[in-house]
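Participant: please find the sequence and the predicted model below.
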Amino acid sequence: MMSRVARGLAALGCAAAGLAVAQGTSTCYVRPPADAASAPAAAAPDHVGIRRKSDKLFELDISVAGAADAQCSVAGVAKLQGEPGAEVLGLVVRPDPTRKSGRTGTLCQVFVRLSPAGVELATTPAACQAQSLCEGKVELNGQRFEHATRLPPGTRGPCFEKRAP
């Protein structure tokens, strides 16, 4: 049985934000990097992928390019939060255990806000900066992907593709 929030997401999200409802299906928003003119030809486009795992859990695959060939990729399982009409997917980004710096008491979080226009990324800026998210080279906070950049269902795109490290 779907929760009230999940039903609200299904009603709002499917029509407005284009979020896939069926478990296992995915939605992929793709746009050229902001600095596409100077990006190498092999550079992957910026993208946000969302795939439903259960009523309240979603897989996220986010990749955004920055200046000087910097790339920020964040992936993991996000939890649905908020009230119907104001849902967000919240992903806790764990610090890299091999890094000696960037450990604070507050964990960095990345949020995907759903709207009729598309999706917007937000972060917990102080915690993400202290944790050196994306090595401080790419800013995820405020990145937007318009609804028009959503790939049609069944279209192959960069979301959830295995990439070499």
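Facilitator: Yes, it's here. Given the structure is predicted, the values throughout are model-derived calculations rather than measurements.

Participant: which element follows the strand or helix carrying residue 120 toward the C-terminus?
Facilitator: Taking DSSP states H and E as the criterion, residue 120 maps to strand 118-123. Following strand 118-123 in sequence order, the next helix or strand is helix 125-130 (DSSP H and E).

Participant: partner strands of the next helix-or-strand element following that next one, with direction?
Facilitator: On the C-terminal side of helix 125-130, the closest following helix or strand by DSSP H and E is strand 144-146. Strand pairing for strand 144-146, determined by DSSP bridges: strand 118-123 (antiparallel).

Participant: average pLDDT for the partner strand?
Facilitator: Across strand 118-123, pLDDT averages out at 94.

Participant: may I have the strand holding residue 120 exported as CSV, CA atoms only?
Facilitator: Taking C-alpha atoms only, strand 118-123 is exported to CSV below (Å, rounded to 0.1, in the frame of the first residue of the first chain):
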residue,chain,number,x,y,z
GLY,A,118,11.9,20.1,-13.6
VAL,A,119,14.3,19.4,-10.8
GLU,A,120,16.7,21.6,-8.7
LEU,A,121,19.7,20.5,-6.7
ALA,A,122,20.3,21.9,-3.3
THR,A,123,22.9,21.1,-0.6
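
Participant: can you give me the strands in this protein?
Facilitator: Using DSSP state E, the strands of the chain run over 26-31, 46-52, 57-65, 71-81, 88-93, 108-115, 118-123, 144-146.

Participant: name the stretch among those that sits most buried.
Facilitator: Looking across the strands of the chain with neighbours counted as mean count of other C-beta atoms under 10 Å, the highest average goes to strand 46-52: a mean of 24. Heads up, the C-betas are built off the backbone N, CA and C, glycines and all.

Participant: can I get it as PDB, trimmed to CA atoms?
Facilitator: Output of strand 46-52 as PDB, limited to C-alpha atoms (Å, rounded to 0.1, in the frame of the first residue of the first chain):
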ATOM      1  CA  ASP A  46      25.400  17.000 -17.000                       C
ATOM      2  CA  HIS A  47      22.600  14.700 -15.700                       C
ATOM      3  CA  VAL A  48      20.200  13.800 -12.900                       C
ATOM      4  CA  GLY A  49      18.900  10.300 -12.800                       C
ATOM      5  CA  ILE A  50      16.100   9.200 -10.500                       C
ATOM      6  CA  ARG A  51      15.000   5.600 -10.100                       C
ATOM      7  CA  ARG A  52      12.300   4.400  -7.700                       C
END
